[in-house]
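In: below is the structure, and that's it, no one-letter string:
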């Protein structure tokens, strides 16, 4: 079916299949169209999450009530967390750019299970809708925080069950994506593409997929147990029925810490793609970067209890988890070292993708180092549950993964849509984002260190100056987001059309097919002979269209 | 988990890839139950004596019978695949049907077990159970959740096998194209393996 | 394409017989009190049974090496989770 040669002259965007109109998208099993479906849904939820975040910051502008009451505020941070984590950061890179580029970058026509891939998106949509429904249903939006800690989550009267089921469904969607990716990478690599000829983005997706497969079911069942506990009064975690709330925290973090690596690893992969291309140098330490992804996936599964240093664990466990936490920093540091070494003596071309990539390295390093500060047991006692933690994980999740996603957008946008975006506007948006981000989150380090607890609705007047700076930062950041998306969207509508295959001079396979890619990605399945990122002559720059 | 109908995108069918996908899915199932086994082990460690007392309420006979039923159903499933590979369609269909009968028998036994507990007031929220010690409440909480979810997997397995039987009858699953039946078999054996662990941990600790 | 296989029924029947015998053994042993080894024997027998199902019923012996590595990774993840969890519960 549809295997005639004509297919390859039509791009995936204009391809006419069994269905037409909207159905041609929402029932498509083409990995590129599914990637775009994910992108649209993800960005919708991102905008909802941003709205809640901005409202939280606005509420914290002054002590006491500014715009909403404490109960609404509790729902704000809960929904902000659930939406950003499950509906934006986790699917952000694997489901959007992984889906779109994984098959292309390994020289395949599609993923191993295209229909399963479509099912993942439908589950993702269903989970997202459930999350929205939980807000609108009588009973009020969930107010437990995204962690659903016991015993509050079995006591509160808000809509915990729909929110839990939403998270469960989203987890299932994520698992199916993981299964698809592992199988695809094992089975469908182009002839000649050995493991150490794979692009580094693929290595990071591979490691991520394993975490998705192995860790997600544990949080899935844990959340389901809470549902049973609420629905039927089954005694599992509730201390009133003899349960152990700390066990809930263990089971929750067995997944949710590795989930942090589900979020960050693909972003590291994107950065590993961008850095060599924009410095026109062969990547430094390819094998180290590739294997450090695997190492992060492995070690990242062993550190979950560092979220729980204040619950009264055994001394042995405290020591062990603190030690492992310090060890897990090593592979991340290896990556940063290799990126910087790649830049060294390169012909650096500061186009928007590289700017975002450099911001990633800078912000992720701050996030990573402040993580180590918390890994130390004695310091952790002091800063646990303060806004220091909030600042730390926003530097990693937003400064890291968020900027990674933006970098990926600016890197692959012309390839995906065959339209150029305005560089000047992209750079302007970048600076708004970068300045806004630091203004928003850096004060949180300071006030957290001084004792400002996280998730608090009210605070002492001495913290107000930091809150004001932070809230102003949120406005700058939102301006940057608006400028960036306006630029990208207007590129889709008015941007200059381009069919240039390789605008940046990249060496991975997606740059060897037409722009935008045809339905089955390649006219002829490529045969790989070289390792990726080999820049034999440093003069590539002059041959390419520079801006 | 079939990939055989997705072949519009592929020049050839990839049976090994399909089985790999199925195995990866089984790992997620394993870890799903693994999470509950983690909870079980912690609570058993904390409340050893109470778990022993609570387990006396379970019928070892019934548990053993269900173990034998499920093991035998695994055998008939494995044989059904082998029969199809040997191009013996009717024999394979009979064996698939036998598997379904055993699965149903397992569920009927489970139903009688659960309803007996119910009549003794040993169900979540019941006064009789709530007056017992924390360890016993937890034992029954885990018992219902773990055997309940396992039962749900038995039902899902039955639906899958029924669907495969239909495919076999309509010659969509044949001696040359049996990867979907194999995948169903893998799922069924995993359900069996989980029961192999549930059985001693709940029925044999009194 | 899968190569034509002539499947032998006998191994399946033998494994089934072994599984039934092992079930008998584990039920019998459960009646005897070995103290703290009771759980251990039950789990060892269950593991043997699981191994038999895995290798014969699920045909893992016939599969590529990578499948075995996968199983190893998954079990390792589960075992590590148990070990680290008990680093909290089995110490004070």
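Out: Thanks, I have it. A quick note: this is a predicted structure, and the numbers were derived from the prediction, not measured.
In: the residue nearest the centre of chain C: what secondary structure?
Out: When CA atoms, centre = their mean is applied to chain C, the residue found nearest the centroid is residue C:50 (2.5 Å). Following DSSP: H, G, I helix; E, B strand; the rest coil, the label given to residue C:50 is helix.
In: I'd guessed it sits against residue B:193; true?
Out: Yes. In this structure residue C:50 lies within contact range of residue B:193 using CB atoms under 8 Å: 4.8 Å. Using the backbone N, CA and C atoms, a C-beta is placed for each residue, glycine as well.
In: get me the contact residues on chain C for chain A.
Out: C:66, C:73-74, C:77, C:80-81, C:84-85, C:87-92 (CB under 8 Å from any CB of the partner chain).
In: of those, grab the buried ones for PyMOL.
Out: Applying 16 or more other CB atoms under 10 Å in any protein chain shown to the residues of chain C next to chain A, the buried members can be selected in PyMOL as follows:
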select buried, chain C and resi 74+77+81+84+85+87+88+89
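In: okay, the residues of chain C next to chain A in a markdown table with secondary structure and pLDDT next?
Out: As requested, those are arranged in a markdown table below (DSSP: H, G, I helix; E, B strand; the rest coil; pLDDT from 0 to 100):
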| residue | secondary structure | pLDDT |
| --- | --- | --- |
| C:66 | helix | 95 |
| C:73 | helix | 95 |
| C:74 | helix | 95 |
| C:77 | helix | 94 |
| C:80 | helix | 93 |
| C:81 | helix | 94 |
| C:84 | helix | 94 |
| C:85 | helix | 95 |
| C:87 | helix | 93 |
| C:88 | helix | 94 |
| C:89 | helix | 92 |
| C:90 | coil | 88 |
| C:91 | coil | 81 |
| C:92 | coil | 70 |
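In: now check the helix or strand harbouring residue A:359, is it near chain C?
Out: Remark: residue A:359 resides in helix A:352-375, with elements defined by DSSP states H and E. No. For helix A:352-375, no contact with chain C is found by CB under 8 Å from any CB; the gap never falls below 15.5 Å.
In: pLDDT on that helix, on average?
Out: Mean pLDDT, taken over the full extent of helix A:352-375, equals 96.
In: how about whatever residue of the stretch 1-150 of chain A ends up closest to chain C, secondary structure?
Out: In the stretch 1-150 of chain A, the residue that lies nearest chain C is residue A:112 (14.2 Å; CB to the nearest CB). The assignment at residue A:112 comes out as coil when based on three-state DSSP.
In: and residue A:260, by the same measure?
Out: Taking three-state DSSP, the label given to residue A:260 is helix.
In: just give me the neighbour total for it.
Out: By other CB atoms under 10 Å in any protein chain shown, the residues close to residue A:260 number 24.
In: how much space separates it from residue A:380?
Out: Using CB to CB, to the nearest Å, residue A:260 is found at 17 Å from residue A:380.
In: what pLDDT does residue C:39 get?
Out: Value listed for residue C:39 in the pLDDT field: 85.
In: cool, and residue B:32?
Out: The per-residue pLDDT of residue B:32 was computed as 96.
In: list the contacts for it?
Out: Contacts here follow CB atoms under 8 Å, 6 or more residues apart in numbering or on different chains; on that basis residue B:32 touches A:217, A:218, A:220, A:221, B:149.
In: neighbour-wise, which of those residues leads?
Out: residue A:218 (29 neighbours).
In: hmm, residue B:37 and that one touching each other?
Out: No. With contact defined as CB under 8 Å, residue A:218 does not reach residue B:37; the gap is 10.5 Å.
In: host element of residue A:176?
Out: Going by DSSP H and E, residue A:176 is in helix A:160-187.
In: downstream of that helix, the next helix or strand is which one?
Out: In N-to-C order, the element after helix A:160-187 by DSSP H and E is helix A:200-232.
In: which elements pack onto that following helix?
Out: In terms of contacts (3 or more CB pairs under 8 Å, 6 or more residues apart in numbering or on different chains; DSSP states H and E), helix A:200-232 is packed against helix A:99-105, helix A:152-155, helix A:160-187, helix A:245-279, helix A:286-300, helix B:15-46, helix C:65-89.
In: quick revisit: between the contacts of residue B:32, which is nearest residue A:400?
Out: The closest of the contacts of residue B:32 to residue A:400 turns out to be residue A:218 (CB to CB; 23.9 Å).
In: mind listing what the closest residue to that closest one other than its chain neighbours touches?
Out: Spatial nearest neighbour of residue A:218, excluding adjacent residues (CB to CB, 6 or more residues apart in numbering or on different chains): residue B:35 at 4.1 Å. Going by CB under 8 Å, 6+ apart, residue B:35 touches A:217, A:218, A:219, A:220, A:221, A:222, A:251, A:254.
In: if we go to 6 Å?
Out: A:218, A:221, A:222, A:251 (CB atoms under 6 Å, 6 or more residues apart in numbering or on different chains).
In: and the residue nearest to the third one when sequence neighbours are not counted, how many neighbours?
Out: Which is residue A:222. Nearest non-adjacent residue to residue A:222, counting by CB to CB, 6+ apart: residue A:251, 4.2 Å away. For residue A:251, the tally of surrounding residues (other CB under 10 Å) stands at 26.
In: the lowest-mean-pLDDT helix or strand in chain B near chain A anywhere?
Out: Taking mean pLDDT, DSSP states H and E as the measure, chain B has helix B:127-130 as its least confident helix or strand, at a mean of 86. No. Helix B:127-130 is not in contact with chain A by CB under 6 Å from any CB of the partner chain; minimum separation 7.9 Å.
In: hmm, who's touching that helix?
Out: Helix B:127-130 is touched from outside by B:121, B:122, B:140, with contacts defined as CB under 6 Å, 6+ apart.
In: now, which of the residues you listed sits nearest chain C?
Out: residue B:140 (19.4 Å).
In: quick one, what contacts that closest one?
Out: B:122, B:129 are the contacts of residue B:140 under CB under 6 Å, 6+ apart.
In: not counting sequence-adjacent ones, nearest residue to whatever residue of chain B ends up closest to chain A?
Out: Here chain B gets closest to chain A at one residue, residue B:134, 2.3 Å apart by CB to the nearest CB. Counting by CB to CB, 6+ apart, residue A:242 is the residue found nearest to residue B:134 once chain neighbours are left out, at 2.3 Å.
In: nearest to residue A:122, of the helices and strands packed on helix A:200-232?
Out: Closest to residue A:122 of the helices and strands packed on helix A:200-232, according to CB to CB: helix A:160-187, at 8.1 Å.
In: what parts of the stretch 251-400 of chain A come near chain B?
Out: residue A:251.
In: same check on the stretch 1-150 of chain A?
Out: Residues of the stretch 1-150 of chain A lying near chain B by CB under 6 Å from any CB: A:1, A:109, A:110, A:112, A:113, A:114, A:115.
In: burial count for the fourth one?
Out: Residue A:112: 27 surrounding residues under other CB under 10 Å.
In: how deep is the closest residue to it other than its chain neighbours tucked in, by neighbour count?
Out: Spatial nearest neighbour of residue A:112, chain neighbours left out: residue A:183 (4.1 Å); criterion: CB to CB, 6+ apart. When counting by other CB under 10 Å, one arrives at 28 neighbours for residue A:183.
In: which residues sit in contact with the residue of the stretch 1-150 of chain A closest to chain C?
Out: With contact taken as CB under 6 Å, 6+ apart, residue A:112 is in contact with A:183, A:184, A:187, B:17.
In: can you read off the pLDDT for the first one?
Out: The one in question is residue A:183. Confidence at residue A:183, expressed as pLDDT, is 97.
In: got it, and the third one?
Out: Residue A:187 is assigned a pLDDT of 95 by the prediction.
In: how close does the residue nearest to it when sequence neighbours are not counted get to chain C?
Out: Among residues not flanking residue A:187 along the chain, residue B:17 sits closest, at 4.0 Å (CB to CB, 6+ apart). Per CB to the nearest CB, to the nearest Å, residue B:17 is found 11 Å from chain C.
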